[in-house]
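Novice: Below: sequence and its predicted model.
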Amino acid sequence: MKIFNILLLAPFVGLLWVPFYNLQTPMLFGFPFFYWYQFAWVPVTSVLIWLAWKKGAQS
């Protein structure tokens, strides 16, 4: 159970250091990297929360 809770740290770590993703390129559908990188974390975070919840409920 606790190993899946560690997955919840991934979005925190991925968005913690702003200079890492404060870039214009690569662009995706005309959006600078800065915006689409943060937006990409929304579904990833949802999946990670679902995984932690699902695996936590089983144990």
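Specialist: That came in fine, so what should we check first? Numbers count the residues shown, from 1 in each chain.
Novice: what's residue 28 sitting at in phi/psi?
Specialist: phi -130, psi 120 (degrees, to the nearest 10).
Novice: leaving aside the residues next to it on the chain, what's closest to it?
Specialist: Nearest non-adjacent residue to residue 28, counting by CB to CB, 6 or more residues apart in numbering: residue 36, 4.5 Å away. From N, CA and C alone the C-beta is placed, and that goes for glycine too.
Novice: same question, residue 45
Specialist: Using CB to CB, 6+ apart and skipping residues adjacent in sequence, the residue nearest residue 45 is residue 11, 4.3 Å away.
Novice: tell me what the helix or strand hosting the residue nearest to residue 28 is packed against?
Specialist: Assigned by DSSP states H and E, residue 36 falls within helix 33-58. With contacts defined as 3 or more CB pairs under 8 Å, 6 or more residues apart in numbering; DSSP states H and E, helix 33-58 has these neighbours: helix 2-6, helix 9-16, helix 18-21.
Novice: and the angle for that helix with helix 9-16?
Specialist: 160 degrees (axes from the mean of the first three to the mean of the last three CA atoms, to 10 degrees).
Novice: pretty sure residue 25 is touching residue 36, no?
Specialist: No. In this structure residue 25 lies outside contact range of residue 36 using CB atoms under 8 Å: 11.1 Å.
Novice: Neighbour count for those two, which is higher?
Specialist: residue 36 (16 against 7; other CB atoms under 10 Å).
Novice: ok, now which ones touch the more buried one?
Specialist: Residue 36 sits next to 27-29 when contact means CB atoms under 8 Å, 6 or more residues apart in numbering.
Novice: And it, how far from residue 3?
Specialist: Taking CB to CB, to the nearest Å as the measure, residue 36 falls 29 Å from residue 3.
Novice: low-scoring stretches of this protein, by residue?
Specialist: Applying pLDDT under 70 to the chain flags the ranges 1, 59.
Novice: got the contact list for residue 41?
Specialist: By CB under 8 Å, 6+ apart, residue 41 lies in contact with 11, 14-15.
Novice: Next: residue 29.
Specialist: The contact partners of residue 29, by CB under 8 Å, 6+ apart, come to residue 36.
Novice: and what of the one 10 residues further on?
Specialist: Residue 39 is in contact with residue 31, counting by CB under 8 Å, 6+ apart.
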